[in-house]
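[1] let's see this in three dimensions:
(2 chains)
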There are 2 protein chains.
Amino acid sequence: MTTATIQQGNVIGKAQLLKHWQGHRNLTRRVIEAFPEKELFDFSVGGMRPFSQLAIELLSIGGPALKAIASRENTPYSEEGITATTKQELLALWDTATSTINEYFSQIPEEDFSQTFNLFGQYEFPIYENVLYFIDNEIHHRGQGYVYLRALGIQPPFFWER
Amino acid sequence: MTTATIQQGNVIGKAQLLKHWQGHRNLTRRVIEAFPEKELFDFSVGGMRPFSQLAIELLSIGGPALKAIASRENTPYSEEGITATTKQELLALWDTATSTINEYFSQIPEEDFSQTFNLFGQYEFPIYENVLYFIDNEIHHRGQGYVYLRALGIQPPFFWER
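    I've put the predicted structure just below:
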C-alpha cells in the first residue's frame, strides 16, 4: 500500500460501510413491517408509489448492483422478476437480499472501492460513491415511507434504531 | 500511522466524506427553494413539522455539531436562536452553515474520526458515525420534504443532482 493511498484518507473502512448499510436495511425492514398489509401495496401521498413499490426498487438495486460490481457485469437496471404480493413475500425478498449483499460485498477488494465502474451500464462513478448512493436512495425513500405511516396515523420505528 | 489503522479499511476518506455531505446540503438547499414561501412555513402531511422546521433541525445539528466535535465541547443540542421567518432568511442561515461546516470539518484530524465523542453530551459514538448520522438525518427529512412538495403538486429537484 503506497503513501498516496493512505493520504486519500481513512475515515470509513469497508466493514464499517457494510455495517452502516445493513443497519439501515434493518430499519427499512421494520418500516415494511409497520405498514398494514393493504396499505403497504396501495397507499401513498401526492401520487407517489406505494411503499411496497419503493421497496421493490431498493431490492432491484441492492443485491443486483453488488453482484454486478463484484463481477464487473454491465447488466442493465431492471425490476423485472422482483415481485411480492404480500408483506411476508416482500420481507422474504428483503432477507434474501441481506445475504446476497453480504456475499458480494465481501468479494469486492478494499482497494477497488476507489475504482470507477459503470453500474447498470449507466452510472459511472467510483464504487464507494455507488454504494453511498444505494444507502442514500434507501434513506430517501424510507423517509417518504415515514410520511405515509404518519398520514395513516401509525407511529414509525425510531430513526436511530438500526 | 500503524498497520492496524490501515487495516481498518480505506474506502472513504475525509475529503470525500465532506464532499458527500456538502453535495447533499446543496440538494437540500434546492428543496428549500422549491417550496412556495407560505407552504415552507405552514404546510405538512400527517401532523408532521413543516419543512422550514425540519431545516431548522438540520441547521441546529450541522454547524454546531462540527464546532462541538472540533473543540470537544459537550454543548447540549438546542434550536434556540436559530430562527427564520422568510425563505431568504432560511437560505442565508443555510449558506452560513456551509462555511461553518467547512471550517470546523477541516480542523478535525483524519485520525480522530475513529475516536469516540459524546456529541451534545448525549450521542456517544465514533466521530465518523456521528457525521454519517448528520447526513442520514438530512436525507431522511429531505425525503419527507419531497412528499410535501409532491402533495403540493410541485416537482422536486432530481435526487441525484448535488
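[2] going by length in residues, pull out the top helix of chain A.
    The helix of greatest length in chain A, counted in residues with DSSP state H as the criterion, is given as helix A:127-151.
[3] would you mark the buried spots in that one?
    Buried residues in helix A:127-151, counted by 16 or more other CB atoms under 10 Å in any protein chain shown: A:127-151. For every residue, glycine as well, the C-beta is placed using N, CA and C.
[4] check those residues one by one and keep those near chain B.
    By CB under 8 Å from any CB of the partner chain, the members of the buried residues of helix A:127-151 lying near chain B are A:128-129, A:132-133, A:136-137, A:139-144, A:146-151.
[5] distance check, residue A:162 against residue B:132.
    Residue A:162 is 11 Å from residue B:132, where distance means CB to CB, to the nearest Å.
[6] my bad, should have said residue A:74
    Distance of residue A:74 to residue B:132, computed by CB to CB: 30 Å.
[7] residue A:94 touches residue A:31, doesn't it?
    No - checked against CB atoms under 8 Å, the pair residue A:94 and residue A:31 is beyond contact range at 10.6 Å.
[8] show me where chain A has helices.
    A:3-7, A:14-34, A:37-42, A:51-71, A:87-107, A:127-151.
[9] tell me which of the ones you listed sits most buried.
    helix A:127-151 (a mean of 22; mean count of other CB atoms under 10 Å in any protein chain shown).
[10] so what touches stretch A:143-161?
    A:27-28, A:30-31, A:34-36, A:39, A:43-45, A:48, A:50-51, A:54, B:45-48, B:133, B:137, B:139-144, B:146-148 (CB atoms under 8 Å, 6 or more residues apart in numbering or on different chains).
[11] what of stretch A:26-43?
    By CB under 8 Å, 6+ apart, the surrounding residues in contact with stretch A:26-43 are A:50-52, A:55, A:58, A:85-87, A:90-91, A:94-95, A:138, A:142, A:145-146, A:148-149, A:151-152, A:154, A:156-157, A:159, A:161-162.
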